[in-house]
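[1] Just to be clear, the model below is a prediction. Sequence and coordinates:
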Amino acid sequence: MVRMDAVYEGDLHTSSRHGPSGAELATDAPVDNQGRGESFSPTDLLVTALGSCMMTIMGIAARDRGWAMEGARVSLEKHMGEAPRRVARIVVRFDMPGGLPAEARGVLEEAARGCPVCRSLHPDIEIDRCFVWD
């Protein structure tokens, strides 16, 4: 169990604190939903969590095999749906560093697909993945 706490600061802003580390982050509603877009929105964090989780699970798989994955990057696009307002589509693009062996491709791509955040998302959310291998 991990505890996080959030406080509503007013004007559609929240601040959250990660219990174990004390790390803090802020959110603001997006411009297209009455906010000023001054920080990540809650749905931005959802999409960011997906990319972060995928990279982390890929990193574990790479480290277990002695592969250096440093410098790998992920870019994420969030596409909102309407009625109801929700994340409808996420585009995930991985730019992978050179020097990884050929067998890394299948292993790391499969690791990304099996990350815990991906498994926790509603199946109606379309996730488009693209891997670019240097």
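    Structure's in. What do you need?
[2] Retrieve the pLDDT associated with Ala83.
    pLDDT for Ala83: 89.
[3] same check, this time on Asp134
    82.
[4] So which residues of the chain form strands?
    4-10, 13-18, 24-28, 73-81, 86-96, 126-133 (DSSP state E).
[5] could you dump these to CSV with distance to Ala61 and mean neighbour count?
    All C-beta spots, glycine's among them, are computed from the backbone N, C-alpha and C. Shown next, in CSV, are these (distance: least, Cβ to Cβ, whole Å; neighbours: other Cβ atoms under 10 Å):
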stretch, distance to Ala61, mean neighbour count
strand 4-10, 27, 10
strand 13-18, 25, 15
strand 24-28, 27, 15
strand 73-81, 15, 14
strand 86-96, 13, 17
strand 126-133, 14, 13
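[6] Let's have those in a markdown table, adding distance to Arg119.
    Shown next, in a markdown table, are the strands of the chain (distance: least, Cβ to Cβ, whole Å):
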| stretch | distance to Arg119 |
| --- | --- |
| strand 4-10 | 20 |
| strand 13-18 | 22 |
| strand 24-28 | 23 |
| strand 73-81 | 17 |
| strand 86-96 | 14 |
| strand 126-133 | 11 |
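[7] tell me the domain boundaries of this protein?
    1-40, 41-133 (automatic domain parsing).
[8] which other residues reach the longest helix along the chain?
    Scanning the chain for the longest helix, with DSSP state H as the assignment, gives helix 42-64. Here helix 42-64 makes contact (Cβ atoms under 8 Å, 6 or more residues apart in numbering) with 14, 25, 27, 30, 40, 68-69, 72, 74-76, 78, 80, 87, 90, 92, 94, 100, 104, 107-108, 111-112, 114-118, 121, 127.
[9] Which positions within that helix qualify as buried?
    Within helix 42-64, the residues that count as buried by 16 or more other Cβ atoms under 10 Å are 43-44, 46-47, 49-51, 53-55, 57-59, 61-62.
[10] for it, the distance to its chain's centre please.
    Distance of helix 42-64 from its chain centroid, counting by Cα atoms, centre = their mean, to the nearest Å, is 5 Å.
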